[in-house]
Structure formats: C-alpha cells, structure tokens
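# Below are the sequence and a predicted model; questions follow.
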Amino acid sequence: MTDEPRMTPSEAGPGVPMREEPRMTPSEPVRESPVTPPLLEVHDLVVRYPARGRRTPPVLAVDGVSFALAAGETLALVGGSGSGKSSIAAAVLMLRRPESGSVRFEGRELTTLDERALRPLRPALQPVFQDPYGSLSPRLRVSDAIAEPLRVQGRWDPLTGPARVAELLDLVRLDGALARRRPYELSGGQCQRVGIARALACEPRLLVLDEPVSALDPSVRAGIVNLLADLRDDLGLGQLFIGHDLALVRHVADRVAVLRHGRIVETGPVRQVWDAPAHDYTRELLAAVPELTRPRPAASSTAGAATAGGPRAGAA
C-alpha cells in the first residue's frame, strides 16, 4: 500500500473534515507483504476503433499496453485526453473487445470468453463512472439502484435484501434515510457514493474507477478519495484508477502508469514518478500541477511573525 498521506482539505477544497491517520511507532515491526499472484494482468493490449466513413482511417486508441495489478493495490493510469485510458478500462471490463492482446483476471483469460461465459465473472469486475448523475437512472430510488445488480445476478432475497442495501449505504457513509430518494434529490458527491455502493453490491474483487471525482466539486473530492482508499484497505480490493491529475493520483495510487498516444511511456511507484520523472511527457504533466499542491519550503520566523495576524488559509 502507498505510504503517501491522505488527501487533506487544503488540497481538495475548503470545508472537508478529515480524520487523523494512525502512525506507526518505532516499537511496531515493519511487515513485508507476501508475494501474491496478480489480480489483473494485461499484456500487449491493442484497441482500435473502426473508421467512420470512407475518408476517416481507423483510430488506434491503445497500442501494446501491458501492466499488472495485485489485490489490495491501486494502479493509476494517467494521461491527457485521447491517451487511451478509458479505452483500456473498457477493454478490461470487456465492454469493448480488444483487437489483440491478453486480459487475464485471477489467471483466467477474458478475451476468449463469449458473453455467456463472461456473465458469472462480471460481478467480480465492477466500474465506477465519471458522471455521478448520468450513471444512475433518474426513475430509480437509491435503494432500487443499489439493489439492481443483485436482481440482475439473481442474488436478490426479499428477506435479507433491504438489510444488505442498508449495509452498503453505511459502508459508503450515507445516511440510511437517503434510500428513498432519487438522484435529482442528491448532491453530486452523494450520487457518486451511491454509484460506489452499487458497484460493491455483488462483492467485487476489482473496481475500475473511470475518473470518479473529476466531475465533482473540489470541496467533496477528498471525501470520495479517502473513502476509496478505506474500501481498498478494508475489503482488499484491487483498483484501476483512471485519471489525468497527477496531484490527485499521488494521494490515491500505489503505482502509476503514464500514457501518451495509447502507449505507456513511464511506470513506477507513485512517489518515484512524482519525485524523479524519467520521461519528458511526465515532466509536462507535473509542470501543469498547480503550485499550491506542491510542498512549500518552511517559512522563516521573520515571515511567520509578519503574517501571524493575517487571515487563516481557506477563510472566506
């Protein structure tokens, strides 16, 4: 797991209460993580979109991408628009068939399976979408939206189902009273938590998070980011996090893969990539990070005294 600090309100927006993280004391031994086989393996993945019309050539969206992801780990795919991030996510979920390459989940090759064979595996690989409102049906109450995957998979029990929905709402830190509301009665952050609860309903082992906070107000992003980190740690979930903001990814991921034009140009532990980027494109992405998110040198005692009577940071 990453040892980066949790996102703080100053980095995500004002007014977000955060919880203190327990720190390891010198008396606690450092335990080495056992070597486990990858939860997800992607090898030489190629995704190509067909031509639109006679004069438009096919679009090569993903060009020979390979990576692996372990259970309890978050791997971030980072890049600009058109770099192939969402196409990789769709291929991993088998929502779009790759032209070539391999996608193995828990050792099982997915690209050779037809839809009938994929159906029992789909509960284990669940997406969380970018648009919290668009991903929910406006006709369904929150309780029905969360229960829908259970009904589709034939797992719904009228006796125990309502208790399961209440458990999922509590898991994503939503008041149970919201169960009877519809999406238009919720905030964007609440809708995204409902989407996460729905993804967790069938007890997945991998979450594919396609820019899950980019459509949210900055003031609520930290809460969603920390929730995802807690779910990863508590449930042992693997997470494939799609994003374009390296400052955000630094708080989310254990490892990062930087994409450009459908290829991975750099990959490594997130702190290593952040502190010592090896590729020019990675340096370009880091240069675009607002200076406010970067560590600042400690103010001198003279400067501190001069500003001691000024307004607090974030005060409006």
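Looks like it came in fine.

# Count the neighbours of the residue lying closest to A76 once chain neighbours are set aside for me.
Using Cβ to Cβ, 6 or more residues apart in numbering and skipping residues adjacent in sequence, the residue nearest A76 is A253, 3.7 Å away. Just so you know, the C-beta spots here come from the backbone N, C-alpha and C atoms, and that holds for glycine as well. Other residues lying near A253 total 27 when counted by other Cβ atoms under 10 Å.

# measure A253 to L246 for me?
Noted for A253: a distance of 10 Å to L246, by Cβ to Cβ, to the nearest Å.

# And S87, by the same measure?
20 Å.

# Now the residue nearest to A76, what are its backbone angles?
The phi/psi pair for A253 (degrees, to the nearest 10) reads phi -100, psi 160.

# L75 is in contact with that one, correct?
Yes - the pair A253 / L75 is scored as a contact, 6.4 Å apart, by Cβ atoms under 8 Å.

# Now the common contact residues for the two.
With contacts taken as Cβ atoms under 8 Å, 6 or more residues apart in numbering, the residues that reach both A253 and L75 are F241.

# so where is the chain shaky, pLDDT-wise?
1-36, 291-316 (pLDDT under 70).

# Show me which helix runs longest in it.
Selection of the longest helix in the chain by residue count, based on DSSP state H, yields helix 218-235.

# Now do the helix or strand following it against helix 218-235, angle only.
Scanning the chain past helix 218-235 towards its C-terminal end, the next helix or strand to appear is strand 238-243 (assignment: DSSP states H and E). Between the axis of strand 238-243 and that of helix 218-235 there is an angle of 160 degrees, by axes from the mean of the first three to the mean of the last three Cα atoms, to 10 degrees.

# what sits against L60?
When contacts are counted by Cβ under 8 Å, 6+ apart, L60 is found next to 46-48, 262.

# should've said R182
By Cβ under 8 Å, 6+ apart, the contact set of R182 is 138-142.

# For these, give me JSON lines that also has secondary structure and neighbour count.
Converted to JSON lines, the contacts of R182 look like this (DSSP: H, G, I helix; E, B strand; the rest coil; neighbours: other Cβ atoms under 10 Å):
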{"residue": "P138", "secondary structure": "coil", "neighbour count": "9"}
{"residue": "R139", "secondary structure": "coil", "neighbour count": "9"}
{"residue": "L140", "secondary structure": "coil", "neighbour count": "15"}
{"residue": "R141", "secondary structure": "coil", "neighbour count": "16"}
{"residue": "V142", "secondary structure": "helix", "neighbour count": "27"}
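
# ok, so of the residues you listed, who is nearest P158?
Closest to P158 out of the contacts of R182 is R141 (16.0 Å), distances taken as Cβ to Cβ.

# show me the contacts for the closest one.
179-182.

# For those residues, pick the one with the most neighbours.
Counting neighbours by other Cβ under 10 Å, the one among these with the most is A179, which has 20 neighbours.

# That residue contacts S143, correct?
Yes - counting by Cβ under 8 Å, A179 sits close enough to S143 to count as a contact (4.1 Å).

# shared neighbours, the two?
Both A179 and S143 are contacted by V165, under the criterion Cβ under 8 Å, 6+ apart.

# so how far is the longest helix of the chain from its chain's centroid?
When C-alpha coordinates are averaged (Cα atoms, centre = their mean, to the nearest Å), helix 218-235 and its chain have centres 9 Å apart.

# what's that helix packed up against?
helix 9-12, strand 74-78, helix 188-200, strand 206-210, strand 238-243, helix 246-252 (3 or more Cβ pairs under 8 Å, 6 or more residues apart in numbering; DSSP states H and E).

# residue ranges for the helices of the stretch 1-150 of the chain, please.
Using DSSP state H, counting those that start in this stretch, the helices found in the stretch 1-150 of the chain span residues 9-12, 85-92, 115-118, 142-152.

# Pick the most deeply packed of those.
Scoring the helices of the stretch 1-150 of the chain by mean neighbour count under mean count of other Cβ atoms under 10 Å gives helix 85-92 as the most buried, with a mean of 23.

# And the contacts of it?
By Cβ under 8 Å, 6+ apart, helix 85-92 touches 40, 42, 45, 47, 61-62, 65, 77-79, 96-98, 103, 125, 127, 208, 210, 240, 242-244, 259, 262.
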